[in-house]
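1. The following comprises the amino acid sequence and a computationally predicted model.
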Amino acid sequence: MKMYDTPQPVERYLNVELECDCGRTHFAPIKAINISSGALESLPGYVAEYGYAKPYILCDKITFEIAGKRCEELLKKAGFQPSVLIIRHMGFDEATLGEIVLNKPDDCDLMIGVGTGSITDMLRFSSFKLGLPCFTVATGAPMDGFSASVGIMNVNNLKATMPAHSTEVIIGDTDILKSAPYRMTIAGFADLIGKLNALDDWHLGAMINGDHYCKKIDELVQAYVDDILKKTDKIKARDPEAIGDVMNALLLTGATISLYGNSRPISGGEHHMSHYWEVLGEQRGKQYAMHGEQVAVGTVMALSVVEELSRLQPDFEKAREAAKQFDYDAWEANIRRTYGNAADAIVDLEKSSGKNDPVRWLQRLEVIEEKWPEIQGMLKKVYPAQELRRLLKDLGCPCDPKDIGITESVLKDTFMVCKETRNRYTCYQLAWDLDVISEISDKIIAELKQKNAI
């Protein structure tokens with residue numbers, strides 16, 4: 001079947017192969033999504049329809065009370081034999097994985113995650129490693145990972161994207177979702193808004209780095225983000241239908257990871273900032289904010305960098321000289337200072353990817369110089385950073401570094417090194433390539449200080 005020419009409801013992308021002009025076959029192996037009032041009651045029906053009998057339910061002590069207990073009751077009433085694990089190791093790391101595996105009944109044939117981001121990530125990764133299918137019951141809508149085909153967990157003190165699989169069924173009962181903390185819903189909205197920058201970064205990667213690009217996936221993500229931007233008043237009023245729309249948009253954008261094959265369409269420099277703050281938080285025993293809230297701040301910062309780049313008249317000879325004089329030892333020393341005990345993973349990534357290799361750097365500069373008018377034209381069309389800041393502030397979502405406890409020194413380091421968390425071309429790599437990331441970040445920080453935003 002051919003890929004649709006125009007964006008469609010999320011259900012039309014599920015469990016069907018879509019041949020695309022981009023050269024790829026898009027496929028999201030999700031069998032069913034039910035986002036509606038009373039949707040939780042449909043869980044036993046899905047378990048029966050797909051031939052399972054002994055579900056293993058994963059939750060924490062909060063999500064057990066919200067929905068896990070009801071899931072267990074519904075399944076027992078329908079004649080199934082569920083077992084429940086209330087996770088105690090909340091680091092969502094190797095210890096959490098061990099707890100899940102050690103408590104898994106030998107005869108279980110399905111895993112069901114009840115919760116939001118971290119539980120869903122651990123569910124999809126652990127079930128993938130155990131060779132079991134999984135379902136998801138959402139208790140809030142704070143991020144887009146429900147329908148993703150990868151899992152995020154802490155490995156060796158660093159947020160790592162792990163191979164996983166998609167959940168077969170996703171249930172989002174709007175009677176439960178509307179009762180979730182408003183902060184959680186806004187975090188989900190903010191994760192969606194991050195796509196405004198992620199798509200621009202994808203364009204940069206295609207134009208400069210030769211990354212594969214799919215126009216129809218791009219248009220699909222953009223359409224869902226545009227639709228949600230029109231519903232901010234209803235979201236602020238906690239309208240159940242609008243919250244359901246946020247959930248559906250999160251599911252669609254998350255499903256594009258399966259559709260496209262990786263997270264390139266929905267994750268760019270804004271997520272790199274969030275990942276870096278999560279690394280620091282892990283090492284300092286604190287969490288700066290929810291993932292979506294960090295993405296909100298990261299998006300405002302990334303769009304601010306893009307705006308500065310859009311006004312730039314690059315000095316390409318200066319940039320070439322910076323590439324030729326790149327000091328790997330100094331770079332590594334700074335990585336070890338900024339990333340702490342997660343530095344080994346960053347150094348290993350650079351050794352395998354060679355993002356900062358002078359030869360590759362110089363090759364990119366040739367492309368950038370040749371295409372600069374086109375690049376600059378694209379950069380000038382991005383969503384205005386200050387307009388997004390005002391929108392987020394009106395919704396009560398963090399939008400400034402100060403809102404989530406990011407200090408001036410941490411923000412400066414973030415601008416300088418967040419690009420190292422992934423081998424992915426973003427606005428931060430472009431600023432690095434042009435040898436202007438330090439001066440641009442200094443300007444943005446000075447403006448933030450004037451606004452008392454840091």
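-> That came through fine. Residues are numbered from 1 along each chain as shown.

2. Where do the helices of the stretch 1-150 of the chain begin and end?
-> Counting by DSSP state H, counting those that start in this stretch, the stretch 1-150 of the chain has helices at residues 43-49, 61-63, 69-77, 94-102, 117-130.

3. Can I get the fourth one in PDB? Just the C-alpha atoms.
-> Presented in PDB, the C-alpha positions along helix 94-102 are these (Å, rounded to 0.1, in the frame of the first residue of the first chain):
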ATOM      1  CA  GLU A  94      20.000  -1.900  35.300                       C
ATOM      2  CA  ALA A  95      18.600  -2.500  38.800                       C
ATOM      3  CA  THR A  96      15.100  -1.900  37.600                       C
ATOM      4  CA  LEU A  97      15.600  -4.300  34.800                       C
ATOM      5  CA  GLY A  98      16.900  -6.900  37.200                       C
ATOM      6  CA  GLU A  99      13.800  -6.500  39.400                       C
ATOM      7  CA  ILE A 100      11.500  -6.900  36.400                       C
ATOM      8  CA  VAL A 101      13.300 -10.100  35.200                       C
ATOM      9  CA  LEU A 102      13.600 -11.700  38.700                       C
END
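
4. Out of the helices of the stretch 1-150 of the chain, which is the most enclosed?
-> Comparing the helices of the stretch 1-150 of the chain by mean neighbour count (mean count of other C-beta atoms under 10 Å), helix 117-130 comes out on top with a mean of 24. Heads up, the C-betas are built off the backbone N, CA and C, glycines and all.

5. what helices or strands is that helix leaning on?
-> Packing contacts for helix 117-130, counted by 3 or more C-beta pairs under 8 Å, 6 or more residues apart in numbering; DSSP states H and E, involve strand 55-59, helix 94-102, strand 110-115, strand 134-138, strand 150-155, strand 158-163.

6. what's next to that helix, contact-wise?
-> Defining contact as C-beta atoms under 8 Å, 6 or more residues apart in numbering, one finds that helix 117-130 is touched by 58-60, 63, 87, 90, 92, 96-97, 100-101, 104, 111-113, 133-134, 136, 138, 142-143, 145-146, 148-153, 162-167, 291.

7. Could you tell me the angle between that helix and helix 94-102?
-> Angle between the axes of helix 117-130 and helix 94-102 is 50 degrees (criterion: axes from the mean of the first three to the mean of the last three C-alpha atoms, to 10 degrees).

8. just checking, residue 310 touches residue 375?
-> No. Using C-beta atoms under 8 Å, residue 310 is not in contact with residue 375; the gap is 9.0 Å.

9. Can you pick out the residue with more neighbours from these two?
-> residue 375 (21 against 16; other C-beta atoms under 10 Å).

10. so what's the more buried one up against?
-> By C-beta under 8 Å, 6+ apart, residue 375 lies in contact with 204, 207-208, 368, 430.

11. most distant residue from the middle of this structure?
-> The C-alpha centroid of the chain is most remote from residue 79, which lies 37.6 Å away (C-alpha atoms, centre = their mean).

12. give the contact list for it.
-> No residues are in contact with residue 79 under the rule C-beta under 8 Å, 6+ apart.

13. Leaving out sequence neighbours, find the closest residue to residue 15.
-> residue 31 (5.4 Å; C-beta to C-beta, 6 or more residues apart in numbering).

14. and that neighbour, how far is that from residue 136?
-> In this view, residue 31 and residue 136 are 12 Å apart by C-beta to C-beta, to the nearest Å.

15. Need the overlap of contacts for those two.
-> Common neighbours of residue 31 and residue 136 (C-beta under 8 Å, 6+ apart) are residue 169.

16. Counting neighbours around each, name which of these two comes out higher.
-> residue 136 (28 against 17).

17. Residue 434 and residue 377: what is the separation?
-> Note on residue 434: its distance to residue 377, by C-beta to C-beta, is 16 Å.

18. Mind checking which of those two has more residues around it?
-> Counted by other C-beta under 10 Å, residue 434 and residue 377 do not tie: residue 434 has more neighbours, with 22 against 11.

19. Which residue comes closest to residue 94 once chain neighbours are left out?
-> residue 155 (6.9 Å).

20. how much space is there between that neighbour and residue 125?
-> For residue 155 relative to residue 125 (C-beta to C-beta), the value is 10 Å.

21. Equivalent analysis for residue 36, please.
-> Separation of residue 36 from residue 125 (C-beta to C-beta) stands at 28 Å.

22. Then residue 2?
-> Separation of residue 2 from residue 125 (C-beta to C-beta) stands at 33 Å.

23. Check residue 422 too.
-> 18 Å.

24. cool, and residue 100?
-> Distance, residue 100 to residue 125, using C-beta to C-beta: 9 Å.

25. ok, residue 221 - contacts?
-> Counting by C-beta under 8 Å, 6+ apart, residue 221 has contacts 195, 199, 252-253, 256, 265-266.

26. Following the chain onward from the host helix or strand of it, which element is next?
-> Per DSSP states H and E, residue 221 falls inside helix 215-229. In the C-terminal direction, the helix or strand that comes right after helix 215-229 (DSSP H and E) is helix 232-236.

27. Compile the helices of the stretch 1-150 of the chain into TSV and extend it with columns for mean pLDDT and distance to residue 325.
-> Output for the helices of the stretch 1-150 of the chain, formatted as TSV (pLDDT from 0 to 100; distance: least, C-beta to C-beta, whole Å):
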stretch	mean pLDDT	distance to residue 325
helix 43-49	97	60
helix 61-63	94	53
helix 69-77	97	59
helix 94-102	90	40
helix 117-130	89	41
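
28. So for the nearest residue to residue 222 once chain neighbours are set aside, what's the pLDDT?
-> Nearest non-adjacent residue to residue 222, counting by C-beta to C-beta, 6+ apart: residue 199, 6.2 Å away. At residue 199, the model reports a pLDDT of 97.

29. what does residue 144 give?
-> pLDDT, residue 144: 72.
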